[in-house]
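Engineer: Quick one, fold the following:
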Amino acid sequence: MVAYFGAISLSLGYLTLEQLAHAVGVQHRESGRRRLGTVCKDLGYLTEQQIDAILQQQRRIARNHDGASRRPGRSPFIPQAI
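Structural biologist: Numbers count the residues shown, from 1 in each chain. The predicted structure follows:
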């Protein structure tokens, strides 16, 4: 089970869809060498405290996940707008 960093940052209202798309583009151009949180922080989109909150939520979701099966290739943590 994966709770995606970007989806959580959107759901918490820390990033806009445009900011997330830009940060993912930067990350992709760098061949994924930096974590998305680091890219967002370097772009001034997230603070260290916000990153910590996102990671805490990510861990909470992973712990609480009941293992219910999902359709392959589809994550319930990605907002419909993406």
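Engineer: quick one, phi/psi of residue 36?
Structural biologist: phi -60, psi -40 (degrees, to the nearest 10).
Engineer: OK, contacts around it?
Structural biologist: Counting by C-beta atoms under 8 Å, 6 or more residues apart in numbering, residue 36 makes contact with 5, 6, 23, 24, 27. No exception for glycine: its C-beta is placed from N, CA and C like everyone else's.
Engineer: What ranges does this structure have for its helices?
Structural biologist: 5-11, 17-29, 36-42, 48-64 (DSSP state H).
Engineer: helices and strands around the longest one, which ones?
Structural biologist: Using 3 or more C-beta pairs under 8 Å, 6 or more residues apart in numbering; DSSP states H and E as the contact criterion, the elements in contact with helix 48-64 are helix 5-11, helix 36-42.
Engineer: burial measure for the closest residue to residue 26 other than its chain neighbours, as a count.
Structural biologist: Excluding the flanking residues, the one nearest residue 26 by C-beta to C-beta, 6 or more residues apart in numbering is residue 39, at 5.2 Å. Other residues lying near residue 39 total 21 when counted by other C-beta atoms under 10 Å.
Engineer: isn't residue 39 right next to residue 29, touching?
Structural biologist: No: at 10.1 Å, residue 39 and residue 29 do not qualify as touching, with contact defined as C-beta atoms under 8 Å.
Engineer: and residue 3, what pLDDT?
Structural biologist: Per-residue confidence (pLDDT) for residue 3: 72.
Engineer: what's near enough to touch it?
Structural biologist: Contacts of residue 3 by C-beta under 8 Å, 6+ apart are 57, 58, 61, 62, 77.
Engineer: Which of the contacts of residue 36 ranks first by neighbour count?
Structural biologist: residue 23 (25 neighbours).
Engineer: Check that residue and give its pLDDT.
Structural biologist: 96.
Engineer: again with residue 70
Structural biologist: Residue 70 is given a pLDDT of 52.
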